[in-house]
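Participant: missing the sequence, but the structure's below:
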């Protein structure tokens, strides 16, 4: 699949790319093929762990779930997220140590789960997810479980399972497709029931089968399942199977647990695989140019584009444009020429000539000069930047030239100014060198350049023009107001803030509705809005004090925020609010709040009584009873 045919490609475009722009695109597909390999032995059903999801009170039977249930739940969550995250990826679900068999090789103990009208390895569908969610109820009847390798038999279900998974992943090239096998099991020694030469032979052949699979570019990842009182010993067998040694062996169990939790707690968001977006030439001087690849490090996620479907077949519709003669109704081919009236004459242009006339830029990058980094302002960055990295594919020596330029810009503390853009949107850009950052032997930031799109003069608005009065004077904040504002910002500053800490609630709701419609679910789960203010944090005494001091320094002592148009005339709402506050302060004096807090009797008060204290002390009154009690205790310093 060409990258331009990818519906997610528009997200990565750095500007309004013109169809005529001659820019080389990445044509490698970035799909991922995954086979979920689940152990279905009796031990997976017998071993239980505390449930990770909250259960209703009194429902003690659901407080623990088997390892088989954990595996099915993780795969189900992953499939639902994958339809949104990476809809073009393909998956297969395979069970081993089963009573029944269903696979193309007709091997014993391996069952490939699938639904009608779908290949074994294919994109996940709503029908697959619906039937997979109900699989646990019918598993023992239709598929069944059996013990692993038993004494007196040469049957090796794990060997067969890896062979079947390898065959499922045979399509697609390993150079353009990421192929993985995810193995779920709680048995750290699959050949523990046999001894002697039989065990040695089974271990050797299984490890060789795994090595052959990995030599084909297929990654085998283990997701071990264990309980606090039962440690999965990776060194018994699976360390050799997946090739673990040294520090990787020591840290494996912790990382595997995090990977399993990530599968169950994936956000519904579109994931963009790290890939090359554009490839273009960077002209330094006449006759000297290098090849650069551009990458989109971060972009906002939006709902997918609308796809029109046929009402009968439910297949995507393809739009076409045709021209018809107004007089005869005959089909007319689109004209290859255009004209423009000039001095009573029609000047004729071909479409190729018009394209050349409109062309302002070639789509490549041209160096104009260098400036000190101090000249670059923060507000010049109007949209997400693009990361640049050199390539020696077409022009040999691009890497060496780029490194020399990169080091010089860092040493001289300069940034480069260049001319870029498509034929329809030429633009000035700033190229800022970024040095490599390594912490604990791990690369945190790669070396390269960030391309920042500089604004046009019309993109910058002078704030003095907006807030000046009729005489042209602009009101300046006093030193005290600036100090109070700085104190307030310090109090409400988010520590170690990252844009990845918060999800878009509207987008999450959109995906929830789509999932409910596709899977015919009766209820739509509530979405937690992480963008709402932290009421308890904002109610801390120091924060409230900083807010009041800032408000007083700017508006004065007697400012009524609900006064009508700032005239000082109170509105009906402000009168009611003032009366309610006075009543709450009066009622608040009737309680010994210190004693109630010390004796733990705050929870015995009604919500109305608790709100007397909150309203009397100008604190938020929203939330459940537990939140109100906690807010009061926080305010009292208890």
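Facilitator: That came through fine. Keep in mind that what you see is a predicted model, and the values were worked out from it rather than measured.
Participant: Strands along the stretch 201-350 of the chain, start to end?
Facilitator: 218-224, 278-285, 288-295, 323-324, 331-332, 337-342, 345-350 (DSSP state E, counting those that start in this stretch).
Participant: ok, the fifth one: who's next to it in the sheet?
Facilitator: Strands flanking strand 331-332 in the sheet, each with its direction: strand 323-324 (antiparallel) (DSSP bridges).
Participant: Show residues contacting the partner strand.
Facilitator: For strand 323-324, the external contacting residues (C-beta atoms under 8 Å, 6 or more residues apart in numbering) are 330, 331, 332, 333, 334. The C-beta positions use only the backbone N, C-alpha and C, and glycine is treated the same way.
Participant: Out of those residues, who's the most crowded?
Facilitator: Neighbour counts for those (other C-beta atoms under 10 Å) peak at residue 332, which has 12 neighbours.
Participant: Give me the next element, helix or strand, following the worst-scoring helix or strand of the chain on mean pLDDT.
Facilitator: When each helix and strand of the chain is scored by mean pLDDT, DSSP states H and E, strand 24-25 comes last, with a mean of 35. Later in the chain than strand 24-25, the nearest helix or strand by DSSP states H and E is strand 31-39.
Participant: Need the residues that contact that next one.
Facilitator: Applying C-beta under 8 Å, 6+ apart, the contact partners of strand 31-39 are 1, 44, 68, 71-72, 75, 86, 88-97, 121, 148, 161-162, 165, 168-169, 171-172, 176-187, 273.
Participant: So which of those residues are in strands?
Facilitator: Using DSSP state E, the subset of the contacts of strand 31-39 located in strands is 90-96, 177-185.
Participant: returning to that earlier point: can you put the strands of the stretch 201-350 of the chain in CSV and add distance to residue 399 and mean pLDDT?
Facilitator: Listed next are the strands of the stretch 201-350 of the chain as CSV, based on distance: least, C-beta to C-beta, whole Å; pLDDT from 0 to 100:
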stretch, distance to residue 399, mean pLDDT
strand 218-224, 28, 89
strand 278-285, 12, 85
strand 288-295, 8, 88
strand 323-324, 50, 84
strand 331-332, 53, 85
strand 337-342, 45, 85
strand 345-350, 41, 88
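Participant: which one of these lies closest to residue 479?
Facilitator: Between residue 479 and these, the shortest gap by C-beta to C-beta is with strand 288-295, which sits at 45.1 Å.
Participant: buried sites along the closest one?
Facilitator: 289, 290, 291, 292, 293, 294, 295 (16 or more other C-beta atoms under 10 Å).
Participant: what sits against the third one?
Facilitator: This points to residue 291. So residue 291 contacts 279, 280, 281, 282, 390, 391, 392, 393, 394, 395, 398 (C-beta under 8 Å, 6+ apart).
Participant: Try it again at 10 Å.
Facilitator: Applying C-beta atoms under 10 Å, 6 or more residues apart in numbering to residue 291 gives the contacts 24, 279-282, 390-399, 401-402.
Participant: Would you map the helices across the stretch 451-600 of the chain?
Facilitator: Under the criterion DSSP state H, counting those that start in this stretch, helices of the stretch 451-600 of the chain are mapped to 463-467, 479-491, 505-519, 535-538, 541-555, 572-588, 593-598.
Participant: For residue 305, which of those is the nearest?
Facilitator: Among the helices of the stretch 451-600 of the chain, if distance is taken as C-beta to C-beta, the winner is helix 505-519, at 13.0 Å.
Participant: Packing partners of that closest one?
Facilitator: helix 67-85, helix 126-133 (3 or more C-beta pairs under 10 Å, 6 or more residues apart in numbering; DSSP states H and E).
Participant: Leaving out the residues flanking it, which one is nearest to residue 184?
Facilitator: Of all residues not flanking residue 184 in the chain, residue 71 sits nearest, at 4.1 Å (C-beta to C-beta, 6 or more residues apart in numbering).
Participant: OK, contacts around the one you found?
Facilitator: Per C-beta under 10 Å, 6+ apart, neighbours of residue 71: 36-40, 44, 95, 182, 184-186, 223, 225, 260, 263.
Participant: in what helix or strand does residue 406 lie?
Facilitator: helix 398-412.
Participant: need the next SSE after that helix, C-terminal direction.
Facilitator: Using DSSP H and E, the helix or strand that follows helix 398-412 in sequence is strand 414-421.
Participant: Run me through the strand neighbours of that next one, direction for each.
Facilitator: strand 365-372 (antiparallel), strand 426-434 (antiparallel).
Participant: I'd like the distance from the last one to the chain centre, please.
Facilitator: The gap between the average C-alpha position of strand 426-434 and the chain average comes to 27 Å, counting by C-alpha atoms, centre = their mean, to the nearest Å.
Participant: related to what we said a few turns ago, Serialize the helices of the stretch 451-600 of the chain to a markdown table and add fields for mean neighbour count.
Facilitator: Converted to a markdown table, these look like this (neighbours: other C-beta atoms under 10 Å):
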| stretch | mean neighbour count |
| --- | --- |
| helix 463-467 | 9 |
| helix 479-491 | 14 |
| helix 505-519 | 15 |
| helix 535-538 | 14 |
| helix 541-555 | 15 |
| helix 572-588 | 13 |
| helix 593-598 | 15 |
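Participant: Would you map out the domains in the chain?
Facilitator: 1-28+275-303+323-465, 30-52+61-271, 479-491+502-568, 572-636 (automatic domain parsing).
Participant: quick one, which of the ones you listed is nearest to residue 317?
Facilitator: Among the domains of the chain, domain 1-28+275-303+323-465 comes nearest to residue 317, with 14.6 Å by C-beta to C-beta.
Participant: Leaving out sequence neighbours, find the closest residue to residue 485.
Facilitator: residue 550 is the one closest to residue 485 (C-beta to C-beta, 6+ apart), at 5.9 Å.
Participant: Tell me the spacing between the one you found and residue 486.
Facilitator: Residue 550 is 9 Å from residue 486, where distance means C-beta to C-beta, to the nearest Å.
Participant: do the same with residue 431
Facilitator: According to C-beta to C-beta, residue 431 stands 34 Å off from residue 486.
Participant: Next: residue 250.
Facilitator: 46 Å.
Participant: likewise residue 384?
Facilitator: Between residue 384 and residue 486 the computed distance is 29 Å (C-beta to C-beta).
Participant: ok, now residue 439?
Facilitator: Counting by C-beta to C-beta, the gap from residue 439 to residue 486 is 31 Å.
Participant: I'd like to know which of the helices of the stretch 451-600 of the chain is closest to residue 82.
Facilitator: Between residue 82 and those, the shortest gap by C-beta to C-beta is with helix 505-519, which sits at 11.8 Å.
Participant: what angle do that closest one and helix 126-133 make?
Facilitator: 80 degrees (axes from the mean of the first three to the mean of the last three C-alpha atoms, to 10 degrees).
Participant: The chain should start at 50 in everything you say after this.
Facilitator: Yep, numbering from 50; the last one is helix 554-568 now.
Participant: Quick check: closest non-adjacent residue to residue 356.
Facilitator: residue 365 (5.4 Å).
Participant: ok, now which ones touch residue 284?
Facilitator: 237, 293, 294, 298, 301.
Participant: thought the second one was touching residue 273?
Facilitator: No: in terms of C-beta atoms under 10 Å, residue 293 does not count as a neighbour of residue 273; the distance is 11.6 Å.
Participant: Settle it for me: which of the two has more neighbours?
Facilitator: residue 273 (21 against 17).
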